[in-house]
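> only geometry, no sequence info:
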């Protein structure tokens, strides 16, 4: 993998975007199990807030075609919602979706959010695993600056409890040039969060509450579950176990 590779390359890859947007379309009506957890974390934050202070601002950066925002709009209407993404084609789909009317959509790079102390909550859903260390640190620093003091970041990504920092390059039919996958130790992520100005990080490892069968085709790399001895349903992609995890932290005052 070349040193000049960037996660930003994916948003200019039409094949990747077409496939990913088609995948996202499956969950426009049916909420993904991971998004149910994420929405629950957002709701937990709102319960502690005085309703008299007005709508809280939530930014979903890397929003893709807007599934999370669609469900947040329906289930948590007391939020002012913004979606940001680098892919114009995904944002065009969002703006054309009447169910997302009232949600603001902007071209945004999580590495350089241009608002300062503006949002109450920032969500980052399955984005950071494509970033190397410098970008990961830059992204969390950018989010910290965009959050109000006391604001919250909620991340769904690959984190695990072991002292292993894994850099993987998955070469497949969908990604013949390679898809970067980064499995970060929780301790490493916590260090970066602290340096960026966050406190009280909480990691919640995610396993699916439902069975997902394999696709039936050897060429498809679609998430499926494998039962563990303790009853958990472990998410796999091909031969690879995916250590998905919800992370939340609070920006210090």
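Good, I have the coordinates. It should be emphasised that the depicted structure is a prediction, and the values quoted were computed from it without experimental measurement.
> give the contact list for the closest residue to residue 199 other than its chain neighbours.
In space, not counting the residues next to it along the chain, residue 199 is nearest to residue 252; the distance is 5.1 Å by C-beta to C-beta, 6 or more residues apart in numbering. C-betas here are computed from N, CA, C, even on glycine. Taking C-beta atoms under 8 Å, 6 or more residues apart in numbering, we find residue 252 in contact with 149, 197, 198, 199.
> Where strands are concerned, which of those count?
The members of the contacts of residue 252 that map onto strands under DSSP state E are 149, 198, 199.
> When you filter those residues down to buried only, what's left?
Buried members of the ones in strands among the contacts of residue 252, scored by 16 or more other C-beta atoms under 10 Å, are residue 198.
> could you dump the ones in strands among the contacts of residue 252 to JSON lines with pLDDT?
Shown next, in JSON lines, are those (pLDDT from 0 to 100):
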{"residue": "149", "pLDDT": "96"}
{"residue": "198", "pLDDT": "98"}
{"residue": "199", "pLDDT": "97"}
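> Show me which residues of stretch 228-245 are buried.
Within stretch 228-245, the residues scored as buried using 16+ other C-beta under 10 Å are 233, 235, 236, 242, 243, 244, 245.
> Could you pull up the mean pLDDT of stretch 76-96?
Mean per-residue pLDDT for stretch 76-96: 93.
> how long is stretch 227-235 end to end?
9 Å (C-alpha to C-alpha, to the nearest Å).
> which residues in the stretch 1-150 of the chain form helices?
Ranges of helices in the stretch 1-150 of the chain, per DSSP state H, counting those that start in this stretch, are 14-25, 33-47, 67-75, 88-96, 133-146.
> Residue 135 against residue 111, yeah?
Yes. Counting by C-beta atoms under 8 Å, residue 111 is a contact partner of residue 135 at 6.2 Å.
> and these two? which has more neighbours close in?
Legend: neighbour count by other C-beta atoms under 10 Å for residue 135 and residue 111, higher for residue 111 (21 against 17).
> Quick check: closest non-adjacent residue to the more buried one.
Sequence neighbours aside, residue 138 is the residue nearest to residue 111 in space, at 4.8 Å (criterion: C-beta to C-beta, 6+ apart).
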